[in-house]
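> Dropping the sequence and predicted coords here.
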Amino acid sequence: MTVEPALAAAVGRARVDRRTKKLLERLLPGEVAVIDHEDLDRIAAENLVRSRPAAVVNAAPSISGRYPNVGPLLLAAAGIPLVDGVGAGVVDAVVEGQLVRVDGDEVWFNGAIVGKGRRHSLASLEAEYEAAKGGLSEELERFAENTLEYMRRERHFVVETPQFPDVGVDFRRRHALVVVRGPDYRSDLAHLRTYVHEMRPVLVAVDGGADALLEMGLTPDLIIGDFDSVSTAALHTGARLAVHAYADGDAPGAARLDQLGVDYFTIKAPGTSEDLAMLLAFELGAELIVAVGTHASMVDFLDKGRAGMASTFLVRLKVGPILVDAKGVSRLYEGRIRKREMTFFLVAALLAFLAIVVFAFPRVFLDSGWFILRRFVHSIFD
């Protein structure tokens, strides 16, 4: 009989937020992330792994069973302790910036247990992930119902031609690169360097996608969203700023931009900011839309939550004829040799050949050169 070794306790300063996206802005290596995130999605998990916390405490189940979400497995694979199902009270009990200890399945703060959940291993999460596959059929049914309801309520925006204000960027007969800080956005942008250099697409960033472009040395032409996950530096790059106002007229991003004193305009539209960016490029005459980090698979839709799934699905149906994923474009440009590079290569090869001839057969080269020069002189004066 084998006895599993006791799991080491993780101690660190607490970062507490019910919104994982906001918490990630403050989380430092070695700290303990206290979140309330049911069905932890891949993007949030990847960013948590990148922040290298001592542990993650989740008030909610990291895999609820609705669908198989891969986020928690990424934490386990990175060796980050995860305790979930602790209960909503832990978010209120733990104070930001104070030391918290995760010991087994218990969360300790100020010398007392403030929550108890389940300490996961990679094996336990894999089992939950497999079990969650059985929930997909029910989620697909809900997805279909939600899509039909959205079509009844907002069909005019997707089916008809919406009226957009002058955004100050000319899309006509140009490619549009729509960047969302989503799955694989770093590697996709890295592979698109040649494409961006040659095609000069309109660079459209959705919220934090602006910072993704800046990381690659690119400046966005247009930033769309509610501006809750984009840096202040990105807002001062000279890009046009479009605040996404929702169907009820609420524009949560406007308050921040007003406070910063930057110019912006508002576009009222249902659905997500990602959907709005694609529709805008489509309606303003873009020749091709290249998507980076956007949500394309069923699991991506489910990670977003059912409220945003219907508009995303329908918008892709509308813009589909000119929409391509960044991975497809990068493969087209992979290994492509540009004319300038080929010219440099041929010139270098020719110079190398001449150098070999000069040094290997100097007398022949000089005699030949003198003969050519003499013939040239005679042809001028004869």
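Structure received.
> CA only for contacts and neighbour counts going forward, please
Will do.
> Which element, helix or strand, includes R15?
Using DSSP states H and E, the element containing R15 is strand 10-16.
> Which strands border that strand, and is each parallel or antiparallel?
With DSSP bridges as the test, strand 10-16 is paired with strand 32-35 (parallel), strand 99-103 (antiparallel).
> what pLDDT does K339 get?
The confidence metric pLDDT takes the value 53 at K339.
> what's in contact with the strand holding R15?
23, 26-27, 30-35, 54-55, 81, 91, 94-103 (C-alpha atoms under 8 Å, 6 or more residues apart in numbering).
> on that earlier part again, return the most buried member of the strands paired with strand 10-16.
strand 32-35 (a mean of 28; mean count of other C-alpha atoms under 10 Å).
> how many neighbours does K133 have?
14 (other C-alpha atoms under 10 Å).
> OK, contacts around it?
65-68.
> Mind putting these into TSV with secondary structure, distance to V290 and neighbour count?
Supplementary listing: the contacts of K133 in TSV, determined by DSSP: H, G, I helix; E, B strand; the rest coil; distance: C-alpha to C-alpha, whole Å; neighbours: other C-alpha atoms under 10 Å:
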residue	secondary structure	distance to V290	neighbour count
G65	coil	33	18
R66	coil	31	18
Y67	coil	28	25
P68	coil	28	23
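> wait, which of these is closest to N47?
P68 (19.1 Å; C-alpha to C-alpha).
> Quick one, grab the pLDDT at that closest one.
87.
> Surely it touches A132?
Yes - at 4.9 Å, P68 counts as touching A132 under the criterion of C-alpha atoms under 8 Å.
> so what's in contact with the two at the same time?
By C-alpha under 8 Å, 6+ apart, no residue touches both P68 and A132.
> Correct me if wrong: S51 contacts E31.
No - contact criterion C-alpha under 8 Å: S51 and E31 do not qualify, at 9.0 Å.
> Looking at these two, which has the bigger crowd around it?
Between S51 and E31, counted using other C-alpha under 10 Å, E31 has the larger neighbour count: 24 against 18.
> how about the more buried one, what does it touch?
Taking C-alpha under 8 Å, 6+ apart, one finds 11-15, 53-55 in contact with E31.
> Please report how far L317 lies from L140.
17 Å (C-alpha to C-alpha, to the nearest Å).
> again, but for L74
For L74 relative to L140 (C-alpha to C-alpha), the value is 25 Å.
> ok, these two, which is more surrounded?
Counted by other C-alpha under 10 Å, L74 and L140 do not tie: L74 has more neighbours, with 18 against 15.
> Secondary structure class of that one, three-state.
helix (DSSP: H, G, I helix; E, B strand; the rest coil).
> number of nearby residues for the residue nearest to it when sequence neighbours are not counted?
Spatial nearest neighbour of L74, excluding adjacent residues (C-alpha to C-alpha, 6 or more residues apart in numbering): A45 at 6.4 Å. Neighbour count of A45, defined by other C-alpha under 10 Å: 18.
> A45 should be in a helix, yeah?
Yes - A45 forms part of a helix when assessed by three-state DSSP.
> Kindly report the domain assignment for this structure.
Split into domains by automatic domain parsing, the chain comes to 10-134, 161-333, 349-377.
> nearest to N146, of those domains?
For N146, the closest of the domains of the chain is domain 161-333, at 6.2 Å, according to C-alpha to C-alpha.
> State the distance from the residue nearest to L74 to G111.
29 Å.
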